[in-house]
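*Asks:* Provided below for reference: sequence and predicted model.
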Amino acid sequence: MPVPKTVKLYTSVELPTVGLGTYSSTSTGQVEDAVKAAINSGYRHIDCAWFYGNEAEIGKAIKAKISSGVVKREDLFITSKLWNNFHAKSAVLPKLKETLQALQLEYLDLYLIHWPFGLKEDAPNMPQGNIEKYFSDVDYLETWGAMEEVQKMGLTKSIGVSNFNSEQITRLIANSKIKPVVNQVECNPNLNQKKLIRFCKERDIVIVGYTPLGRSDLVGTPGFPVPSILDEKVAKIARKYKKSPAQVVLNYLVANLGIVVIPKSVTPSRIKENIDIYDFELEAEDVAYLDSMNRNLRVCGFTDFKNHKYYAFNAEF
Ligand SMILES: NC(=O)C1=CN([C@@H]2O[C@H](COP(=O)(O)OP(=O)(O)OC[C@H]3O[C@@H](n4cnc5c(N)ncnc54)[C@H](OP(=O)(O)O)[C@@H]3O)[C@@H](O)[C@H]2O)C=CC1
Ligand SMILES: O=C1CO[C@H](CO)[C@@H](O)[C@@H]1O
């Protein structure tokens, strides 16, 4: 199947099918350089989040590329996400303003609720150990109401969710005025999310797939699935097309599963490689092999939160 360069959100906005992931790019200057390299390589979609703690550096890179005339603001699609401690209605606007200030932007293209479950505002951002005492029971419908308000204020062009299951999406749509345009979830050959993709497509919701390369930096970490880009047969398929395993996997996700991908890299050669996926089509037997790799194994399972009222991954999809 041919690889589309953009997909239409139901608001008619075009979302580039490859964006740059920015999680864990935290050493000084690292993400600034990565974003500049990405824009130079043709990326126009950057995935950010308050939680990643690096939005000020991303802002510097975007500002530099706009000031030097390489891109205009309207050429870019910038996403950010509201973290779990800030689900209360009163916290949403201040947190979005903080993000906009760090990114040096007047508006976002997309603002997401990062996870459906909340934490108390004064809890650690990523609590460990006995974490139930930190859970908040703020309903994501309350959070969504505030997301609708910030969209109406023009601070973000569109709003969406991340890590929501099909039941939560159904409940959200039934109880809101504005529908989410995107559900950002983990998606790679180990977890191909076909049921959730079909469910969202039927409702005009685009799936943005995170951890598309299976987070190769976690290789060997007990409990984490081996990324498909390290599979021998995927390497053989890659040789057949004179492409890399990462390019084969990203091409498969965009062309064959119909999602948008946000691979993270801070390595200039990989940043280029990860967007160079538009010039080949996988044959049916190769697609079938990639389909067969699905194991429903998650890198980001967040199982410590499994007893939270709004934990998403107890449902089938
Ligand atoms: N909504 C959510 O809850 C979540 C959202 N995300 C978003 O999704 C993005 C991507 O997911 P992430 O978890 O970072 O994992 P990825 O699957 O993007 O893997 C990133 C790792 O793969 C390496 N890598 C990148 N390109 C290649 C390549 N061509 N060949 C081999 N290795 C490569 C990177 O190394 P290096 O950088 O050293 O080149 C890094 O170690 C995040 O950065 C974030 O923006 C991620 C998790 C959860
Ligand atoms: O966006 C994210 C990046 O990955 C983290 C876990 O490894 C998640 O906590 C978070 O949701």
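*Replies:* Everything's here; your move. Because the structure is predicted, anything quoted here is derived from the model rather than measured. Ligands and ions are numbered 1, 2, ... in the order given.

*Asks:* nearest residue to whatever residue of the chain ends up closest to ligand 1 other than its sequence neighbours?
*Replies:* Nearest to ligand 1 in the chain, going by CB to the nearest ligand atom, is Gly21, at a distance of 2.5 Å. Quick note: C-beta positions are derived from backbone N, CA and C, even for glycine. Of all residues not flanking Gly21 in the chain, Lys264 sits nearest, at 3.1 Å (CB to CB, 6 or more residues apart in numbering).

*Asks:* tell me which residues form a beta bridge with the residue of the chain closest to ligand 1?
*Replies:* Following DSSP bridges, Gly21 is listed with bridge partners Asp47, Lys264.

*Asks:* That one contacts Arg270, doesn't it?
*Replies:* No. Gly21 is beyond contact range of Arg270, at 11.4 Å (criterion: CB atoms under 8 Å).

*Asks:* More neighbours: these two, which one.
*Replies:* Comparing Gly21 with Arg270 by neighbour count (other CB atoms under 10 Å), the higher total belongs to Gly21, at 24 against 16.

*Asks:* Please name the spatially closest residue to Asn54 (chain neighbours excluded).
*Replies:* Per CB to CB, 6+ apart, closest to Asn54 is Val31, 4.7 Å.

*Asks:* what helix or strand is that neighbour on?
*Replies:* helix 30-40 (DSSP states H and E).

*Asks:* Touching that helix from outside, list them.
*Replies:* Here helix 30-40 makes contact (CB atoms under 8 Å, 6 or more residues apart in numbering) with 20, 22, 25, 46, 54, 57-58, 60-62, 64-65, 70-71, 76, 265-266, 268, 271-272, 275.

*Asks:* what pLDDT does the closest residue to Met1 other than its chain neighbours get?
*Replies:* Spatial nearest neighbour of Met1, chain neighbours left out: Ala255 (4.2 Å); criterion: CB to CB, 6+ apart. Note for Ala255: predicted pLDDT of 98.

*Asks:* ok, Ala255 - contacts?
*Replies:* 1-4, 281-282.

*Asks:* okay if I get those as JSON lines plus pLDDT?
*Replies:* Output for the contacts of Ala255, formatted as JSON lines (pLDDT from 0 to 100):
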{"residue": "Met1", "pLDDT": "89"}
{"residue": "Pro2", "pLDDT": "89"}
{"residue": "Val3", "pLDDT": "95"}
{"residue": "Pro4", "pLDDT": "95"}
{"residue": "Glu281", "pLDDT": "98"}
{"residue": "Leu282", "pLDDT": "98"}
